[in-house]
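> quick one: sequence and predicted model below, then my questions.
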Amino acid sequence: MKLAIVTALVLAAVLVVTNGNEVARAESAAGIDADVDAALQTLYEEQPSAKMLADRAAAILVFPNMVKAGFVVGAQYGEGALLKKGRTVGYYRSVSASYGLQAGAQTFGYVLFLMTPSAVKYLNRSGGWEIGAGPSVVVADEGVARSLTTTTLKSDVYAFIFDQQGLMAGIGLQGSKITKIRK
């Protein structure tokens, strides 16, 4: 019981601290758009294969400023934009909760390259896409990214995680939900 109370207090403190932080959420659509542009530029410089995916993707969903924190129970939050042909067509929120052996806090960004029209349709029709359900997602680490070519692209969605800062360690069960928001 004491562990549950301590965990709840830690999570409440993290949420209070990050709620007013611009890293946790952008204040406006223009703020999100500027962060998305900067994040994509950084990603393309660090991972040339990401640029190749962008050129072939039906849409790109970018979450430039995610915040994750936890102690046994964790949470993560961030806002981003969906781009089609380089233009913003919608804004989204990514939220997740996790439970397990974990402790710490970190910030990072992630990009989902939606390669097929059906993956984009699923995002728009699902009313809240839970990663792990729906289209198959391949997380492109350095090894996967190096081996990507126009002939090896077979998945619906490719994910890149970048610009990780802070320390978050542990193992646990996690589910992320992506929902459309108005800005």
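That came in fine, so what should we check first? None of these values were measured; they are calculated from a predicted model.
> now do the buried residues in stretch 60-69.
I60, L61, V62, F63, P64, N65, M66, V67, K68, A69 (16 or more other C-beta atoms under 10 Å). To be clear about C-beta, it is placed using only N, CA and C from the backbone, and glycine gets the same treatment.
> looking at those, which are in helices?
Among the buried residues of stretch 60-69, none falls in helices (DSSP state H).
> would you map the strands across this structure?
59-84, 87-114, 129-130, 137-139, 157-170, 173-181 (DSSP state E).
> out of those strands, flag the one nearest G31.
Ranking the strands of the chain by proximity to G31 (C-beta to C-beta) places strand 59-84 first, at 9.1 Å.
> closest to Q106 among the buried residues of stretch 60-69?
K68 (5.3 Å).
> F162 and T42 touch, don't they?
Yes. At 6.8 Å, F162 counts as touching T42 under the criterion of C-beta atoms under 8 Å.
> out of the strands of the chain, deepest packed?
strand 59-84 (a mean of 23; mean count of other C-beta atoms under 10 Å).
> averaging pLDDT over each of the strands of the chain, report the lowest-scoring one.
With a mean of 53, strand 137-139 has the lowest mean pLDDT of these.
> ok so, going back, the strands of the chain into TSV, with extra columns for distance to K121?
Shown next, in TSV, are the strands of the chain (distance: least, C-beta to C-beta, whole Å):
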stretch	distance to K121
strand 59-84	10
strand 87-114	9
strand 129-130	11
strand 137-139	16
strand 157-170	12
strand 173-181	13
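> closest one to Y122 among those strands?
Closest among these, using C-beta to C-beta: strand 129-130, at 6.6 Å.
> quick check, D156 in contact with P117.
No. With contact defined as C-beta under 8 Å, D156 does not count as touching P117 (10.0 Å).
> looking at those two, which is more packed in?
Between D156 and P117, D156 has the larger neighbour count (other C-beta atoms under 10 Å), namely 19 against 10.
> quick one, phi/psi of that one?
For D156, the backbone dihedrals (degrees, to the nearest 10) come out as phi -70, psi -40.
> quick one: it from V36, how far?
In this view, D156 and V36 are 21 Å apart by C-beta to C-beta, to the nearest Å.
> before we move on, what about V62?
For V62, the distance to V36 - C-beta to C-beta - is 5 Å.
> can you pull the residues that touch both of the two?
G80, A81, L83 (C-beta atoms under 8 Å, 6 or more residues apart in numbering).
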